[in-house]
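Fold the following for me, if possible:
(2 chains)
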Amino acid sequence: MDLLIRQAHVVNPQAGGKDADKYAVQDVLVRKNRISEIGPDIKAPDTEVLEGKGLYLFPGLIDLHTHFREPGYESKETIVTGAQAALRGGYVASVSMPNTLPPCDHQSVIDNIIRKAKEVPYHIFPAGTISKGREGKELSEMADLKQAGIRAVTDDGDWVQDSLLMRRAMEYASMLDLIVMSHCEDKRLSAGGVMNEGLVSTRLGLHGQPSASEEAAVARDIELARLTQAPLHLCHVSTARSVELIRRAKQEGIPVTAEVTPHHLTLTEESVEGYDTYFKMNPPLRTAEDVQALRKALREGVIDCIATDHAPHTEEDKMLEFDHAPFGVTGLETALAVAVTELYHKEKWTLNEIAKVMAFRPAQILKLSSGFGQIQKGTEANVALVDISKTWTVQVQDFSSKSKNSCFINQKLKGKVVATLCAGKLWKY
Amino acid sequence: MSIKWQRKDLLGLRDLSKEEIELILETAKSFREISLRPVKKVPALRGKTVANLFFEPSTRTRISFELAEKRLSADTIHIAASTSSVVKGESLKDTAHNIEALKVDTVVMRHASSGAPHRLAQHLKASVINAGDGINEHPTQALLDMFTILEKKKKIEGLRVSFIGDILHSRVARSNIWGLTKLGARVTVCAPKTLLPNQVEKLGVQVTTNLKDAVKDADVINLLRIQLERQSQSFFPSIREYATAYQIDSKILQNAKPEVMIMHPGPVNRGIEITSDVVDGPYSVILDQVTYGLAVRMAVLYLVSGSTHQEEAQT
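Residues are numbered from 1 along each chain as shown, chains lettered A, B, ... in the order given. Below you'll find the predicted structure:
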């Protein structure tokens, strides 16, 4: 498509020094889906115009952790509804999680996901499973899956308990240039826990998961990354102690990266008061000290990026008792607004920094082409236009996602995506 | 008593003020006497419907509530459901809608999951009384424990009350901690470290793993049933070792105050957490607890059913 985006402040995730908080007002011309020109005053008669005055043009966001639920759980989400939710949130690409039914341990499942994403169109870079059937016993056919298009491997919700299998997985995956993503949780230690273990779980009479169930797993995986020198990506890090382990690992040059979710950056275990299952997720919400440590680590680059862990569940699933309701919250449609509200408006981050942790770094971790994570002449146009001062209230009926289990419902947020351009299609909101 | 009961539900003692707890205990006093009459029935809840929703097996609590409802002349229905079928077949919201459709006034609910009555109450105009939720609260049990202490000791403030046993999984202990600390008792919890909740000391209680410390100078000792399957979950090495360290027998009781009172919410594991001679001995008020439980549950049913919200719903 052809499009002239006029007079928007262009966000640059690589800006530093005196330009760290500068946003040049530019015209951006898209010809045949590619950015053909960036300049102060572009003349392009007969081209569709997207007015960007007073708005900010972000590189399209990239989510390293999305559950699209298809195949197998289409009542929760499909690739189409999930992609629509993503686009509404300013995302242009996702790593899809492989805990589908059947799981992503066979190239036919991957083919299907990529094909459906193209119909939207939306960029999905699927993750395959580490083990066949996500059972933690035998390696899945990673080379075959790589042929089909996977970029990463993970058993997601099921941490690979078997340290030998994990070692082999990391060695084998790194040979294929696949990232190993790890949901760090020693399930024996967290068994039965439905929230963070601590004073609040004691007060509420709910079984807790100690932070050590995450940290022990983080520590082991870091040691395996040291041993194998294979790139390791730690999913949804949630505790201050995990941050310290990652900080030390990075100082020692171990090839480790990490993500944090919008909810772990903003909410604490206190939210579970009232037994509302929309605040039940894994890892659970932690303490205020953990939130502070995560924010600091994200800004310092110890944690590389924000990932949503968008985990749709139907209302019926979530209407169960707190013990029995499934873990997970949606996030694609609120992530940027939460980041702009909490980090930019309240904590004086720059928008360039936000683009760095939501687009640029994820693209780097995934080794994506230059059409992702930055706004650059000559590359595929994947961008999001954002009104950073628009105040809105998160409401169930506005979600594109098939599921409504957001932990930000009724929250007032400041910052809203007004348009997303992805793979040659413009979406206006 | 100047305050009036305002709440739709009784979900736990955590949310109640000291005054509200005192109101329930005061009201229970007047209901005690009804069970001593030849005709043990008053018309207080005539025309009201109470549903007993038991998603977890219970004998004592269920019988106590049923009898309390009958003595108040309420119409009662009893719904016993295994938790598994509820989990798979019907969400809490559907349960609520069904109850609403039956025009039930009050629901007494026992559930294996913490917070289930709280969630049900949010979806229901009817009152909800928590008859035990998971490991969270069992407010009427704690109220009857406090009532028993008041009847026997004439006060609660300043008394030393020790809980011994599986504190971690005990809703009885949690409700008692909320209630007793609000009423000024000095509460001690005693268990092996594996059976103590994280940071329980921050709830305003003394914590010890040594039985002697818990018994020393205690006015009241409240024992909690130890579930035998905790051994296979590695909470302690063997029942034998547990009993050696934490069993209340007449010998250890010599360290307590001479007029110490022994309580137990039942059912008792004789010979494990407590020896038979202590259960049946002079310090034991275990059967008084059962009797007083009836009066306390009548008081709760009466207060909740008569609260402003139900009057408003009718008019």
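
CA atoms for contacts and neighbours, from now on please.
Fine.

Which positions in chain A make contact with chain B?
Neighbours of chain B within chain A, by CA under 8 Å from any CA of the partner chain: A:197-199, A:201-206, A:274-276, A:316, A:319-324.

Got a PyMOL select line for the buried ones in those residues?
Only the buried entries of these go into this PyMOL selection, using 16 or more other CA atoms under 10 Å in any protein chain shown:
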select buried, chain A and resi 197+198+199+201+202+203+204+205+206+275+276+319+320+321+322+323
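
Spatially nearest residue to residue B:32 (excluding sequence neighbours)?
residue B:295 (5.0 Å; CA to CA, 6 or more residues apart in numbering or on different chains).

quick one: the residue of chain A found nearest chain B and residue B:14, what's the gap?
Chain A approaches chain B most closely through residue A:205 (3.8 Å), counting by CA to the nearest CA. Distance of residue A:205 to residue B:14, computed by CA to CA, to the nearest Å: 11 Å.

ok, now residue A:243?
For residue A:243, the distance to residue B:14 - CA to CA - is 35 Å.

More neighbours: which of those two?
Comparing residue A:243 with residue B:14 by other CA atoms under 10 Å in any protein chain shown, the one with more neighbours is residue A:243, at 23 against 18.

and the more buried one, that's in a helix?
Yes: with DSSP: H, G, I helix; E, B strand; the rest coil as the criterion, residue A:243 is part of a helix.

Please name the residues that touch it.
Residues counted as contacts of residue A:243 (CA atoms under 8 Å, 6 or more residues apart in numbering or on different chains) are A:237, A:293, A:294, A:297, A:302, A:303.

Give me the subset of those lying in helices.
A:293, A:294, A:297 (DSSP state H).

surely the last one meets residue A:306?
No: here residue A:297 lies out of contact with residue A:306, judged by CA atoms under 8 Å, at a distance of 11.4 Å.

Which residue of those two possesses the greater neighbour count?
residue A:306 (32 against 20).

can I assume that one is in contact with residue A:263?
No: counting by CA under 8 Å, residue A:263 is not a contact partner of residue A:306; they are 10.0 Å apart.

Can you list the residue ranges for helices in the stretch 101-250 of chain B?
Using DSSP state H, counting those that start in this stretch, the helices of the stretch 101-250 of chain B run over B:116-122, B:139-153, B:171-182, B:211-215, B:239-246.

nearest to residue A:248, of those helices?
The minimum distance between residue A:248 and those falls on helix B:171-182, with 40.5 Å, by CA to CA.

residues making contact with the closest one?
In this structure, residues lying in contact with helix B:171-182 by CA under 8 Å, 6+ apart are A:205, B:12-14, B:17-18, B:21, B:132-139, B:141-143, B:145-146, B:156, B:163, B:167, B:186-187, B:203-205, B:224, B:265.

list the contacts for the residue in the stretch 101-250 of chain B that chain A sits nearest to?
Across the stretch 101-250 of chain B, the shortest distance to chain A (CA to the nearest CA) belongs to residue B:136, at 3.8 Å. Residues in contact with residue B:136, defined by CA under 8 Å, 6+ apart, are A:204, A:205, A:206, B:114, B:115, B:170, B:171, B:174, B:175.

Leaving out chain neighbours, which residue sits closest to residue A:49?
Distances taken as CA to CA, 6+ apart place residue A:4 nearest to residue A:49, at 4.7 Å, with adjacent residues excluded.

wait, the one you found sits on residue A:29?
Yes: using CA under 8 Å, residue A:4 is in contact with residue A:29, at 4.6 Å.

Need the residues touching each of the two.
residue A:44.

and the helix or strand residue A:391 falls within, average pLDDT?
In this assignment (DSSP states H and E), residue A:391 forms part of strand A:383-393. Strand A:383-393 shows a mean pLDDT of 98.

What is it packed up against?
If contacts are counted by 3 or more CA pairs under 8 Å, 6 or more residues apart in numbering or on different chains; DSSP states H and E, strand A:383-393 sits against strand A:56-59, strand A:412-422.

burial count for the residue nearest to residue B:215 when sequence neighbours are not counted?
Closest residue to residue B:215 apart from its sequence neighbours, by CA to CA, 6+ apart: residue B:256 at 5.2 Å. Neighbour count of residue B:256, defined by other CA under 10 Å: 19.

who are the neighbours in contact with residue B:256?
B:215, B:216, B:217, B:218, B:219.

Between those residues, which sits nearest residue B:231?
Nearest to residue B:231 out of the contacts of residue B:256 is residue B:215 (CA to CA; 24.1 Å).
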